[in-house]
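Undergrad: Here you go, sequence then predicted model.
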There are 4 protein chains.
Amino acid sequence: MGMIGGGQGAFIGAVHRMAAAIDGEIELVCGAFSSSPEKSKASGEDLYLPAGRVYSSYEEMILRERELPEGERMDFVSIVTPNHVHFPPAKMALENGFHVVCDKPLAFDMQEAEALAKLVEETGLLFALTHNYTGYPMVKQARAMVQNGDLGSIRKVFVTYPQGWLSTKLEDSDSKQASWRTDPKRSGAAGAMGDIGTHAENLAEYITGLQITHLCADLNTFVPGRLLDDDGSVLLKFDNGAKGVLMASQIAAGEENALRIFVYGEKGGLEWHQMHPNSLIVRWLDKPVQTYRTGSAGLYPAALAHSRIPAGHPEGYLEAFANIYRNFAVCLRARLSGQAPSPVYEDFPTVADGLRGMRFIERVVASAQSQEKWTAF
Amino acid sequence: MGMIGGGQGAFIGAVHRMAAAIDGEIELVCGAFSSSPEKSKASGEDLYLPAGRVYSSYEEMILRERELPEGERMDFVSIVTPNHVHFPPAKMALENGFHVVCDKPLAFDMQEAEALAKLVEETGLLFALTHNYTGYPMVKQARAMVQNGDLGSIRKVFVTYPQGWLSTKLEDSDSKQASWRTDPKRSGAAGAMGDIGTHAENLAEYITGLQITHLCADLNTFVPGRLLDDDGSVLLKFDNGAKGVLMASQIAAGEENALRIFVYGEKGGLEWHQMHPNSLIVRWLDKPVQTYRTGSAGLYPAALAHSRIPAGHPEGYLEAFANIYRNFAVCLRARLSGQAPSPVYEDFPTVADGLRGMRFIERVVASAQSQEKWTAF
Amino acid sequence: MGMIGGGQGAFIGAVHRMAAAIDGEIELVCGAFSSSPEKSKASGEDLYLPAGRVYSSYEEMILRERELPEGERMDFVSIVTPNHVHFPPAKMALENGFHVVCDKPLAFDMQEAEALAKLVEETGLLFALTHNYTGYPMVKQARAMVQNGDLGSIRKVFVTYPQGWLSTKLEDSDSKQASWRTDPKRSGAAGAMGDIGTHAENLAEYITGLQITHLCADLNTFVPGRLLDDDGSVLLKFDNGAKGVLMASQIAAGEENALRIFVYGEKGGLEWHQMHPNSLIVRWLDKPVQTYRTGSAGLYPAALAHSRIPAGHPEGYLEAFANIYRNFAVCLRARLSGQAPSPVYEDFPTVADGLRGMRFIERVVASAQSQEKWTAF
Amino acid sequence: MGMIGGGQGAFIGAVHRMAAAIDGEIELVCGAFSSSPEKSKASGEDLYLPAGRVYSSYEEMILRERELPEGERMDFVSIVTPNHVHFPPAKMALENGFHVVCDKPLAFDMQEAEALAKLVEETGLLFALTHNYTGYPMVKQARAMVQNGDLGSIRKVFVTYPQGWLSTKLEDSDSKQASWRTDPKRSGAAGAMGDIGTHAENLAEYITGLQITHLCADLNTFVPGRLLDDDGSVLLKFDNGAKGVLMASQIAAGEENALRIFVYGEKGGLEWHQMHPNSLIVRWLDKPVQTYRTGSAGLYPAALAHSRIPAGHPEGYLEAFANIYRNFAVCLRARLSGQAPSPVYEDFPTVADGLRGMRFIERVVASAQSQEKWTAF
């Protein structure tokens, strides 16, 4: 793995490195960690990389690594830069034959997103998008239960993602995280909706297997002077007739990272909370509440395949994130060895999920500006 | 107290009786428990009432009780009938000088509601509407915290009320509860939104002290053949610029009575869940999460005044309901003795709350039928 | 019902009155509320009792009520005095033909307890002891599950009852509650173990149907100058070979009333927490965790018979307490009418439970003073 | 790092590898993964190690690695074998100049434990024992709060560790885990008390800073034919006069890994549950309950230093385990560079903790066999 971005002071780069390291399947061999060559070099030293594999730019990295012999050169790039620097390195990597793991959202705008999707199709290379919340075992269990019809036809979906960290004008401090996320030139058309609303959208579609067809959005900017939305609520229609509500907020003062989803079908409903990720609560019309637990009895194979340690030894955010990397690595290794991977591991978000996320951003922003109730997705 | 409705087989009548009895301040002295004289009589016997105080109709009760000497006759009526039978007895009671406690929603439609409000104003009699959820001590604490500015200016309100009991076509069975609630002739213009959506609306306005100014509603009927909405989601605007979401559903399969509210201000946010009513979770930007507990340390007087027993001895739905009756009784007793009640007890929902609830029903239904995003409240 | 004790400033007397009132089956008709005639009179006025039925002493009450005609006189006494005043009025009531409800623990010492048990047997009168925690619907469910063998043979019981209210020397203030509970002349041989340890012992035996055969106790007095134990831990042996631990503390700073029990059998284990009383968590060797809920699906008849309102409308401490009174009233009414009560209601703690509780106090104190590990129960 | 044990089919070896890998500070460079050379070789291949660094025995590994140049050879060994194979490789590693990380309990018996402690002292090498539960940020917070006197003097400690996985005779199946843990020749003098009781003992002493002085144990073997205890309860005395209870069970049917601790002082009490590790609940005599959260506001430096990602992104068992390795690595790196590590990282369990754990096992077993109540620690 060669990393693009994620130098000193970054947040998500370190997450990607830890997630990639946990299972011992992926080795960080090189990186272009910053647009500043000095910072990239210093970051590489912190990571115990040999100086020769720490590059001044992603362009240099891609070109130089391409020249290395197979087995020595990186197999794929991991792109952990702000949104406006997803497309250029992803494009260049794909064009030079490297597989790609990319942070979400996929790109800066729809145009970039569609170009990437086309390129992935043309090259046939692997492309993983780190919608990491789908990596949790209990999210896999939820999806499997819906797929197997355990809940009956789905009627209502309720997904809320409150955070409080942007309750004040943090972008005026030296917070690198706040700075680019509230900057339309680096983040794209949406703020909270792009950063976390897309996670909520992805989670809802992943678990239910349904697709949003229409939406009605109300976006808000509560912190004076902020340039992008920091809060929003969206009514949803799904392709089977189900209805939904999606709420994403970064001014929900005091909340940490409280992504939560409720899915109700004809026979029962499920509830999952990211901050208590090893429990999946399932309520039924006609029997006692059940709590499915990571690594415990009664799970579908997809849930069992995504935990590492015995029940009651809590697995968290990094382990869920690692499941994306692990599945990507399994599929990549299978491809390199000319074999088919076990289907249970052919399960990570792809460029197609990224496209839907970018479309969600575009449509939410359009709806927020419209006086009409429903906007087609 | 004389009861109208609440005969054998009814649900809410028994709740009113238990709530009125707990504190020993109110005595059930007479009733017209059913439109069937036989059933009324049988119900009165079950309640150990003397036969002479069990009436065949509310008209009879009001007229006959009026003739009894003061001190012996009932002081007020409690109306626990289906929605379409709120207005006639309430009107007659007021016109005959009796104070009124009435179940929610206030009436069948806005016309009735406005007539009642006018009558209450003209007669000067006491009128309590049993939006019982505002009776919980931790709801009082939440309201006091907002009033005192502890959370700063309110930005976002999130209130959800999922129930699952109407997930199937229960009205085709012999369920009296399901039957009238899904019948537009007895329930009014809305189903779930009238039955429980109004509770959610009332709770949000009570805690925040804000008023809804606009809404955008999506109402659904998921169970085939049902005549009224059984689910709905509503985007909200409040008069201070805050935004909100209200969800009420009776097809949230497996849910019991999961009314839950989140209120976020500039400095912190609160969470309250009706099914765990003795805890109020408050999260802050800059200090650890706090959990306020019924009867425990750190509460505002309004919260302390509405619990009966030491902390850790859970008070529930009936005790919250009883707080409405207790406060009504305190105010009534004060009035009868020509004194002012302690202000902390001058706190129960009135005809004004009822008017807002009826307006909410009307506006939600109008919005659901409109193609425009926002409908004025 | 005629009440003995429970005048102004008392705690448990008001609880008994509320519990007795909820279901409309019991009417408070008279009382001797205090050893001070003035205070008794004032208390009676607060309760809207006619002056003629408010007595200066329990002796007066029992003798005078005995003279009233049947139907008018009280049917039973409710004794809510401190422990040292349980025996004398209970004895006198029984000797004069009145049934008895008595607060726990049964008496001041074993001698009194055995005399009472004998008297109940001789008179054949009804005697209920308010070990109120067994009144919760989910405790009934727990007992029924054990009785039906759902958990297999029981191996381990774990019951903990931490409170924090005596963490300081509250008895030096004007707290009536703290004063008598820490006074060996009024409370008896034990402090925390008598006040709340007996509840824990009763709950463990009630749910499991087992009896303690041996115990090993460590009693402590942490607050300097206090005269009785304020904390204790006890190892237990049960008659089927199961083992257990019982902890009761009133210096567990910050705790409210956190009675909690875990019972493990060969096939599964259950957990119940008094502060979240409407959930019973059951864990299994081979299937997902279940949460049984008051009033909800999958319950045994005994659990269903002890809730009043639909699932999700929380029932609390008073409702559980009321179940003791309601069952007592049902059995009393059946006896008065010469019929057998429905077996599901023949379920309230009796003098036999009281005897075991007194024996528990005696044996725990003996064990605490012994250097030997095990003391026979 | 060179690993001893942890070959195919093992559980704890993989945990150690993941924990060591997360932070990118430690590289697995060699291993002797099994007493079977073939299995060791196959395991090494699975881990992408070069064949030359995969050894047939730990003796071979230690001797061969010693010959490698500094910088290339392993810096320390990680011992993840069953208990009876802790001492021999640890001794040999120390005697050959290698630092050691060792799984708990320290050794097979006290004699080995004391010999190891002496050797560590003589060689001056680093020795970490993986009592991993002390690695959780909220455990650090708990310890810091006690150290800072926030709770006042500690009075009562309550630590319970129920698991259910040995509820049946799993050792008769092919479960490698169950097999050696229930075998006195490989596990030592205790079963559940050695495997998990020592974790509970360590956690209690770590958080409170107190030491157990006396204990009174009841050990049980519930599963017929089992050779070691599978359940036990222990009363405790601490050196400041505090009292405690410790319960450890592996027949608590349905429980996963529910290590939980309550510590009560004069001013407040804390509660921590391993299965919800990112919350520390603190209750007070005179203010609302607080919940401290990993990575969130109001924490002591020791808690902040042991989390990696923002609040609300749950960190779990592996991250806590990784904190032991990370701190060990920081201290080792500091030593190798001749500098002092930051004091906040000089915090991992050492051979001294191991000695106390072994003493705990010995004393618990002695107490269980004694008729006297208290056995000195």
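TA: Great, that's in hand. Not measured: the values here are computed from a predicted model.
Undergrad: Please enumerate the strands of the stretch 51-200 of chain A.
TA: Using DSSP state E, counting those that start in this stretch, the strands of the stretch 51-200 of chain A run over A:76-79, A:99-102, A:127-129, A:154-162.
Undergrad: Remind me what the last one packs against, helices and strands.
TA: Yep, that's strand A:154-162 we're talking about. Under the contact criterion of 3 or more C-beta pairs under 8 Å, 6 or more residues apart in numbering or on different chains; DSSP states H and E, strand A:154-162 touches helix A:198-208, strand A:231-238, strand A:243-249, strand A:260-265, strand B:154-162. Using the backbone N, CA and C atoms, a C-beta is placed for each residue, glycine as well.
Undergrad: Next, see if the second one gets close to chain B.
TA: Yes. Shown here: strand A:231-238 in contact with chain B (C-beta under 8 Å from any C-beta of the partner chain) through A:231, A:233, A:235.
Undergrad: Direction included, what does that strand pair against?
TA: Sheet pairing for strand A:231-238, assigned by DSSP bridges, gives strand A:212-220 (antiparallel), strand A:243-249 (antiparallel).
Undergrad: could those go into JSON lines alongside mean pLDDT?
TA: Converted to JSON lines, the strands paired with strand A:231-238 look like this (pLDDT from 0 to 100):
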{"stretch": "strand A:212-220", "mean pLDDT": "98"}
{"stretch": "strand A:243-249", "mean pLDDT": "98"}
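Undergrad: Distance check, residue A:320 against residue A:296.
TA: 17 Å (C-beta to C-beta, to the nearest Å).
Undergrad: Tell me if stretch A:73-85 is near chain D.
TA: No. Stretch A:73-85 does not reach chain D (C-beta under 8 Å from any C-beta); its nearest approach is 13.2 Å.
Undergrad: Any chance of a markdown table for the strands of the stretch 51-200 of chain A, columns mean pLDDT, mean neighbour count and distance to residue D:258?
TA: Output for the strands of the stretch 51-200 of chain A, formatted as a markdown table (pLDDT from 0 to 100; neighbours: other C-beta atoms under 10 Å in any protein chain shown; distance: least, C-beta to C-beta, whole Å):
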| stretch | mean pLDDT | mean neighbour count | distance to residue D:258 |
| --- | --- | --- | --- |
| strand A:76-79 | 98 | 26 | 37 |
| strand A:99-102 | 98 | 26 | 36 |
| strand A:127-129 | 98 | 26 | 35 |
| strand A:154-162 | 98 | 26 | 29 |
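Undergrad: Okay, buried residues for stretch A:5-25 please.
TA: Residues A:5-7, A:10, A:12-25 are the ones in stretch A:5-25 that count as buried (16 or more other C-beta atoms under 10 Å in any protein chain shown).
Undergrad: again, but for stretch A:143-157
TA: Within stretch A:143-157, the residues scored as buried using 16+ other C-beta under 10 Å are A:143-146, A:150-151, A:154-157.
Undergrad: what residues does it touch?
TA: Outside stretch A:143-157, the residues within contact range by C-beta atoms under 8 Å, 6 or more residues apart in numbering or on different chains are A:204, A:206-210, A:236, A:238, A:240-245, A:261-270, A:282, A:300-303, B:222, B:231, B:249, B:251-253.
Undergrad: Please list only the buried members of these.
TA: Neighbour counting by 16+ other C-beta under 10 Å classes A:204, A:206-208, A:210, A:236, A:238, A:242-245, A:261-270, A:282, A:300, A:302-303, B:222, B:231, B:249, B:251-253 among those as buried.
Undergrad: how close does the nearest residue to residue A:163 once chain neighbours are set aside sit to residue A:105?
TA: Of all residues not flanking residue A:163 in the chain, residue A:250 sits nearest, at 4.8 Å (C-beta to C-beta, 6 or more residues apart in numbering or on different chains). Distance, residue A:250 to residue A:105, using C-beta to C-beta: 15 Å.
Undergrad: same deal with residue A:57?
TA: As defined by C-beta to C-beta, residue A:57 lies at a distance of 23 Å from residue A:105.
Undergrad: Settle it for me: which of the two has more neighbours?
TA: More crowded of residue A:57 and residue A:105, by other C-beta atoms under 10 Å in any protein chain shown: residue A:105, with 28 against 16.
Undergrad: if I read this right, the more buried one contacts residue A:199, doesn't it?
TA: No. When contacts are counted by C-beta atoms under 8 Å, residue A:105 is not listed as touching residue A:199 (9.3 Å).
Undergrad: Just the residues contacting stretch A:333-341, thanks.
TA: By C-beta under 8 Å, 6+ apart, the list of residues contacting stretch A:333-341 from outside reads A:25, A:75, A:126, A:330-331.
Undergrad: Repeat that for stretch A:317-327.
TA: A:15-16, A:18-20, A:22-23, A:25-26, A:101, A:128, A:130-137, A:139, A:274, A:277, A:306-308, A:345-349, D:22, D:308-309, D:313-316, D:318-319.
Undergrad: Recalculate using a threshold of 6 Å.
TA: When contacts are defined by C-beta atoms under 6 Å, 6 or more residues apart in numbering or on different chains, stretch A:317-327 is touched by residues A:18-20, A:22-23, A:26, A:130, A:132, A:135-136, A:306, A:345, A:347-348, D:313-314.
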